[in-house]
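Chemist: Sequence and computational prediction follow.
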Amino acid sequence: MRHLLLTAVAALTLACAGRTPGPAPAPSGTGARSSADSGQRGPATTLSTPNANPFPSTYVPFPSRPTVIRNATILTAAGPTIRNGSILLRDGKIVEVGATVNAPADAVVIDGTGKYVTPGLIDTHSHIGAGGAPGGQGTLLNDVNEATAPVTAHVWIEHSIWPQDPQLPRVLEGGVTTIQVLPGSANLIGGRSAVIKVVPSRTVQGMKFPGAKYGLKMACGENPKRVYATDVNGPSTRMANVAGYRAAWIGAERYRRQWDNWLAKRTGDAPNRDLANETLAEVLRGNILVHNHCYRADEMAQMIDIAREFGYKIRSFHHGVEAYKIADLLAREGISGSLWADWGAFKVEAMDAIKANIALVDRAGARAIVHSDDASGSQRLNQEAAKAMAAGNQAGIPVTEDQAIKWVTINAAWALGLEDRIGSLEAGKNADVVLWTGNPFSVYSRPEKVWIDGAVLFDRLDPNQQWRTDFELGYVPRRELR
Amino acid sequence: MNATYLNAITRGAAAAALLFTAGSAGAQTIAITGGKVFPVSGPAIENGTVVIRDGKIAAVGSGIAVPAGARVIDATGKWVTPGLINSASQLGLSEIGSVQPTNDASARGRDQIAAAFTVWDGLNPQSQLLAPARDEGITSVVVFPQGGLIWGQAAFITLVDGSATAMVTRAPVAMAAQIGSPGQANSASRGEQLLRMRELFEDVRFFRENRRAFDRAETREFAASRKDLEALIPVLEGRLPLLVAVDKSSDIESALRLAREYGLKLMLAGAAEAWMVADQIAAAKVPVLTGAMNNIPGSFSSLGRRQDNAALLRRAGVEVLLIGNAGGGGADEPFNVRNIKQEAGNAVAYGMSWNDALRAVTLAPAQIFGVGERTGALQAGRDADVVVWSGDPFEFTTRVEHVFVRGVEHTGRNRQELLTERYKTLPPARWEP
């Protein structure tokens, strides 16, 4: 069992580390009517107006060489499996994928005979970096839940992320190249997420995915009502949970109108800035994607109504152990499900977990995603997908490997609004690629090499290509990864 | 101490263990033919036959005649193994993690000592998590209490239907404790925690030899209650293993020293950094319960945790029993007892031999927990705990075709299957238009 006999409970998550500073990216999430119009680090005179991107990404791709992988089985997440295929990576992008590719003379050529190639895996639900390892009394590395008020839309998880969290290189070794780090689920509205690349960096800015939209974490059900049950203002019931979301959106809607009016005219004093409402207003403008922790089918249906009332969209329900009960509704509403292969029974709202959940959601036509919410599980998203695929097949819901690979790649990319850049092996996309020792749906296969933007970030065969965080030096014996 | 008294205790314990051996028996004779049979106690048999009669394995081998009237299961192309054993679980003791009244795995004890706590008294045979585990090929688990300094006594449980009594194959099989979390032991440091353990063991010795004085209230105050002292006597006599949950290599060395000082029969569990002291563990012939799915330095006591721990220990000659250690906080463990298969597969991916991994989830735990003559191997005379798989049991795509527990096959749908069936078409039939 998990942790039963371990005296020290670990179970935290990864973060990432930044690298060399680079050019500031375009401001993210600035819609036509966005109040977030100042983009980069603005002069002091702009402090009274919202700044869309006060902590801009400084990520630049690591140095790379043109690379060809030949004779491999390629799961593209964009079409049928290519047997005995090739892929060319150059200048950080995928140039060609197919039976053969035109390899430049200076390309590094890798023989993929007997091996598999997939897109870099994407985890839509991580707390790595914010809930750093080691945990335990006194380490004070758990910065996931701002459990001081039920609505904390003003907090940004990136301010909790520790780039030296040793959990980061460990998910990279699992073939994960992009993660969304979310605030925890103690609150109705927990704050902004961050989408980061799993790369070494001195700063979190050096890991932030350039141009990625922010997410907003919301949570249903047991967690908020349990955390605030004894708080004089609650919520202590599910009905107060719903009242709490609605009150927050009512305030945000008014705030958005005031600011949008002022931004259109720019005359007179600007309205007061409020960090919480700035985030919520950006959701209402469609510039921040909603990620909603919610277990029960009936509560998900209510969250959909709340979204409709206030005119925003839910991008992904997270955990959704009862998603299979409303898979048709999720498909109709265009909401993805970030789900576990087999977690359940740890609380009443998780009682009805079934292993065919992901397959049933997929079959209904909704985007199904395997997520982790766990720094250990995040290292084996391929195995989690394999379990969910097998459970579907066992239950008479046929699932192919071509479908299941999407659960950990392109569907997750869509949930993060990055489906045009990552998540599949197609010409023009970022060269985030994993070479597996064998079929990734086998328990015996492991990533051999991992590329991010065309650069090798992990190589199981080369100890010089195995990232060790500052924390690990001295404290953590080097593992032989072969 | 009084030898007669001690013998009485010994006999009592033996009788208690025997009491649980009366189990179910399948009247049917079954012949599983043509499969690749892994007896574990011997080499694999291609095109082998396993005959089950009256709940026991009657014969295993190649070229065995199918008894007249037997139900024949054609296992051509299939793999046949003993039922798998998860050596550290709370299955049947914890139903819904957050619902306290469904959790019976821990004791308050006195001053963090709960040696007399017999965790199987809380076993729930109606648990809805038993069938899903069994349906995926798990036929036995070892249930442990948890919490404090001395946690209490563990039991070897077999997943038969019916009563809690029938499920307990052997109890107690170990006394559980921990080293390395002094805070859970009312101690401020590792040294103080070990001091408390030594004081306790010395009190048990004194108690054993001065029992009459104790009953006349003529002894000094002891570090534990009467029942706890009594429960620890078999541990001090080396008859009941002391299983120590421990991660840090120096704490493992402390456990080894303690075992030498007091003549304890030791087991280590968790054991994140055991690979660092593998030779000492091997020399002391101490078995280790560990997993293969965690490499996170999750605390300052487990900085050296790595996934090939099990393989490195095995290579050093240590008997390894695989348990789950993946993470997730633990509350979903009873739901995922079945993932011991995944643990074994990962152990192989990280350097353990496939045969050793199978042994680590079958015969090794059976032997270490004292039921090696009953289960854990496909051998005539043993309980018919048998699984027929469509292929390699550790691979995700492999299906369980048949599971026999003491010769009985369970074919009913479990709760998770009923929910799946109900919602397979939406809206669910008879519920909404």
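Modeler: Arrived safely. Everything quoted here is computed from the prediction, not taken from an experiment.

Chemist: Every contact and neighbour count from this point should use C-alpha atoms.
Modeler: OK.

Chemist: from the stretch 151-300 of chain B, which residue is nearest to chain A?
Modeler: residue B:298 (3.9 Å; C-alpha to the nearest C-alpha).

Chemist: Is that residue in contact with residue A:134, as I believe?
Modeler: Yes. With contact defined as C-alpha atoms under 8 Å, residue B:298 counts as touching residue A:134 (4.3 Å).

Chemist: neighbours around the closest residue to residue A:479 other than its chain neighbours, how many?
Modeler: Nearest in space to residue A:479, with sequence neighbours left out and distances taken as C-alpha to C-alpha, 6 or more residues apart in numbering or on different chains, is residue B:306 at 7.0 Å. Residues near residue B:306, counting by other C-alpha atoms under 10 Å in any protein chain shown, number 26.

Chemist: Spit out the contact partners of residue B:306.
Modeler: A:479, B:272-273, B:292, B:294-296 (C-alpha atoms under 8 Å, 6 or more residues apart in numbering or on different chains).

Chemist: Distance-wise, check it relative to residue B:276.
Modeler: The gap separating residue B:306 from residue B:276 is 11 Å, by C-alpha to C-alpha, to the nearest Å.

Chemist: same deal with residue A:54?
Modeler: Separation of residue A:54 from residue B:276 (C-alpha to C-alpha): 47 Å.

Chemist: Between the two, which is the more surrounded one?
Modeler: The neighbour comparison of residue A:54 against residue B:276 (other C-alpha under 10 Å) goes to residue B:276, with 19 against 14.

Chemist: Can you check the pLDDT for whatever residue of the stretch 351-482 of chain A ends up closest to chain B?
Modeler: Nearest to chain B in the stretch 351-482 of chain A, going by C-alpha to the nearest C-alpha, is residue A:444, at a distance of 4.8 Å. Model confidence at residue A:444, given as pLDDT, is 98.

Chemist: quick revisit: any of the contacts of residue B:306 buried? List them.
Modeler: Using 16 or more other C-alpha atoms under 10 Å in any protein chain shown as the burial test, the contacts of residue B:306 include B:272-273, B:292, B:294-296 as buried.

Chemist: check contacts around residue 275.
Modeler: No chain in the question, so chain A it is. Counting by C-alpha under 8 Å, 6+ apart, residue A:275 has contacts A:153-154.

Chemist: ah, no, chain B please
Modeler: Taking C-alpha under 8 Å, 6+ apart as the test, what residue B:275 contacts is B:309-310, B:312-313.

Chemist: Now that we have those residues, can you turn them into TSV and tack on pLDDT, distance to residue A:267 and neighbour count?
Modeler: Converted to TSV, the contacts of residue B:275 look like this (pLDDT from 0 to 100; distance: C-alpha to C-alpha, whole Å; neighbours: other C-alpha atoms under 10 Å in any protein chain shown):
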residue	pLDDT	distance to residue A:267	neighbour count
B:309	97	67	29
B:310	98	70	33
B:312	98	72	19
B:313	98	73	24
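
Chemist: ok, those residues vs chain A, which is closest?
Modeler: residue B:309 (10.3 Å).

Chemist: List the residues that contact the closest one.
Modeler: B:272-275, B:290-292.

Chemist: Got the domain ranges for the chain?
Modeler: Going with chain A. Listed domain ranges for chain A are A:2-22+A:58-481, A:23-53 (source: automatic domain parsing).

Chemist: oops, chain B please
Modeler: Following automatic domain parsing, one finds the domains of chain B at B:24-82+B:377-427, B:84-375.

Chemist: The first one close to chain A?
Modeler: Yes. Where contact is defined by C-alpha under 8 Å from any C-alpha of the partner chain, part of domain B:24-82+B:377-427 touches chain A, namely B:394-399, B:416-417, B:419-420, B:423-424, B:426.

Chemist: Distance-wise, check the residue in the stretch 151-300 of chain A that chain B sits nearest to relative to residue B:347.
Modeler: As assessed by C-alpha to the nearest C-alpha, chain B sits closest to residue A:167 within the stretch 151-300 of chain A, at 6.4 Å. Relative to residue B:347, residue A:167 is positioned 20 Å away (C-alpha to C-alpha).

Chemist: Which of these two has more residues huddled nearby?
Modeler: Comparing residue A:167 with residue B:347 by other C-alpha under 10 Å, the one with more neighbours is residue A:167, at 31 against 27.

Chemist: and chain A, which of the buried ones among the contacts of residue B:306 contact it?
Modeler: Within the buried ones among the contacts of residue B:306, those near chain A by C-alpha under 8 Å from any C-alpha are B:294-296.

Chemist: could those go into CSV alongside pLDDT?
Modeler: Output for these, formatted as CSV (pLDDT from 0 to 100):
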residue, pLDDT
B:294, 95
B:295, 96
B:296, 96
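
Chemist: Relative to residue A:472, which of these is nearest.
Modeler: The shortest approach to residue A:472 among these belongs to residue B:296, at 10.8 Å (C-alpha to C-alpha).

Chemist: Can you pull the phi/psi pair for the closest one?
Modeler: Note on residue B:296: backbone dihedrals following degrees, to the nearest 10 are phi -90, psi 130.

Chemist: quick one: it from residue A:175, how far?
Modeler: 16 Å.

Chemist: swap in residue B:197?
Modeler: 45 Å.

Chemist: Compare those two (neighbour count), which wins?
Modeler: Legend: neighbour count by other C-alpha under 10 Å for residue B:197 and residue A:175, higher for residue A:175 (31 against 20).

Chemist: quick one: low-confidence ranges for the stretch 251-400 of chain B?
Modeler: Applying pLDDT under 70 to the stretch 251-400 of chain B flags residues B:327-330.

Chemist: Sorry, wrong one. I was asking about the stretch 1-150 of chain A.
Modeler: A:1-47.

Chemist: What ranges does it have for its strands?
Modeler: Using DSSP state E, counting those that start in this stretch, the strands of the stretch 1-150 of chain A run over residues A:67-74, A:82-90, A:93-98, A:108-111, A:116-119, A:121-126.

Chemist: Can you mark which positions in the second one are buried?
Modeler: Using 16+ other C-alpha under 10 Å as the burial criterion, the residues of strand A:82-90 that qualify are A:82, A:84-90.

Chemist: show me where chain A has helices.
Modeler: A:167-173, A:222-227, A:238-265, A:275-284, A:297-310, A:327-333, A:357-363, A:381-394, A:401-407, A:410-415, A:472-475 (DSSP state H).

Chemist: Of all the residues in the stretch 201-350 of chain A, which one is nearest chain B?
Modeler: Taking C-alpha to the nearest C-alpha, the stretch 201-350 of chain A has residue A:346 as its residue nearest chain B, at 4.2 Å.

Chemist: got the contact list for that residue?
Modeler: Contact analysis of residue A:346 by C-alpha under 8 Å, 6+ apart lists B:95-98, B:331-332.

Chemist: ok, 10 Å please
Modeler: A:353, B:94-99, B:329-335 (C-alpha atoms under 10 Å, 6 or more residues apart in numbering or on different chains).

Chemist: Quick check: next helix or strand after the longest helix anywhere in chain B?
Modeler: Ordering each helix of chain B by length in residues (DSSP H) puts helix B:190-209 first. With elements assigned by DSSP states H and E, the helix or strand that comes after helix B:190-209 is helix B:211-215.

Chemist: from the chain's centre, how far out does that next one sit?
Modeler: In terms of C-alpha atoms, centre = their mean, to the nearest Å, the centre of helix B:211-215 is set 36 Å apart from its chain centre.

Chemist: Which positions in that helix come out as buried?
Modeler: For helix B:211-215, by 16+ other C-alpha under 10 Å, it's B:211, B:214.

Chemist: which helices and strands does that helix pack with?
Modeler: If you count contacts as 3 or more C-alpha pairs under 10 Å, 6 or more residues apart in numbering or on different chains; DSSP states H and E, helix B:211-215 packs onto helix B:190-209, helix B:226-236.

Chemist: Out of those, which one sits most buried?
Modeler: helix B:226-236 (a mean of 20; mean count of other C-alpha atoms under 10 Å in any protein chain shown).
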